[in-house]
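K.L.:
Predicted structure and sequence below. I'll ask about it afterward.
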Amino acid sequence: MALRSCPECRKKISETVIICPRCGFSFQEANLEIYRQKLEQQRLHNQEINRKSIKIHLFWLFIFSLVIGIAGWLTS
Ligand SMILES: [Zn+2]
């Protein structure tokens, strides 16, 4: 018998079960659709955060090289 993990509580449950016995998550088509949308939103949200953190990293890299540059200029 095949098992799948509940997307809500990660418990392994039978594929034939429609509602998770632990948390009550329903695998019915409508709910799966809502869940997929939620995942998609989360993915987009994470992408947005990644973009922001890359910008911050680039900013600090810029500051860092600026400081190194100034230090080199001052000591030469
Ligand atoms: Zn569950």
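P.N.:
Thanks, I have it.

K.L.:
Name the nearest residue to Asn31, ignoring sequence neighbours.
P.N.:
Residue nearest to Asn31 in three dimensions, not counting chain neighbours: Phe25, with 7.4 Å by CB to CB, 6 or more residues apart in numbering. Placement of C-beta: from N, CA and C, glycine included.

K.L.:
And for Tyr35?
P.N.:
Distance criterion CB to CB, 6+ apart; nearest residue to Tyr35, sequence neighbours excluded, is Pro7 at 5.9 Å.

K.L.:
likewise Gln28?
P.N.:
Using CB to CB, 6+ apart and skipping the chain neighbours, the partner closest in space to Gln28 is Ile18 (6.0 Å).

K.L.:
One more: Lys12?
P.N.:
Excluding its sequence neighbours, the residue lying closest to Lys12 (CB to CB, 6+ apart) is Leu3, at 4.8 Å.

K.L.:
What about the one you found, how many residues nearby?
P.N.:
Neighbourhood size, Leu3 [other CB atoms under 10 Å]: 10.

K.L.:
quick one, what contacts it?
P.N.:
Lys12, Ile13, Ser14, Glu15 (CB atoms under 8 Å, 6 or more residues apart in numbering).
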